[in-house]
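[1] just coords:
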């Protein structure tokens, strides 16, 4: 497993095609934008919430794109 750290307005490119951008970081969740040209819709935003007993400092985020 690889762990990448990104701040607000920073992106991660997966397989030269999928772009995951961190839009905002809040105390209890992270807002991301995912752009994947082969999927419909090609771009969407998502709020990823953490369980109440986990802090952002110690959290690991696993993103699965099917």
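    Done, it's in. Note that this is a predicted model, so its numbers are computed, not measured.

[2] only C-alpha atoms for contact and neighbour calcs from this point on.
    OK.

[3] What about the nearest residue to residue 33 once chain neighbours are set aside, how many residues nearby?
    Leaving aside its sequence neighbours, residue 33 sits nearest to residue 45 (C-alpha to C-alpha, 6 or more residues apart in numbering; 4.3 Å). By other C-alpha atoms under 10 Å, 14 other residues sit near residue 45.

[4] before we move on, what about residue 11?
    By the criterion of other C-alpha under 10 Å, residue 11 has 17 neighbours.

[5] how far away is it from residue 51?
    24 Å (C-alpha to C-alpha, to the nearest Å).

[6] Who are the packing partners of the helix or strand of the chain with the lowest mean pLDDT?
    Least confident element among the helices and strands of the chain, by mean pLDDT, DSSP states H and E: strand 43-49 (a mean of 85). Here strand 43-49 touches strand 29-35, going by 3 or more C-alpha pairs under 8 Å, 6 or more residues apart in numbering; DSSP states H and E.

[7] So what are the sheet partners of the strand it packs on and their directions?
    strand 18-25 (antiparallel), strand 43-49 (antiparallel) (DSSP bridges).

[8] most tightly surrounded among the ones you listed?
    strand 18-25 (a mean of 18; mean count of other C-alpha atoms under 10 Å).

[9] and for it, what are the contacting residues?
    Strand 18-25 is contacted from outside by 6-14, 30-37, using C-alpha atoms under 8 Å, 6 or more residues apart in numbering.

[10] Can you turn the buried part of those residues into a ChimeraX selection?
    Those of the contacts of strand 18-25 that count as buried under 16 or more other C-alpha atoms under 10 Å are selected in ChimeraX with:
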select :11,30,31,32,33,34,35,36
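
[11] sorry, back to before: separation between the residue nearest to residue 33 and residue 36?
    12 Å.

[12] Contact partners for residue 44?
    Per C-alpha under 8 Å, 6+ apart, neighbours of residue 44: 33-35.

[13] May I see those residues organised as TSV, with distance to residue 26 added?
    Listed next are the contacts of residue 44 as TSV, based on distance: C-alpha to C-alpha, whole Å:
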residue	distance to residue 26
33	15
34	18
35	21
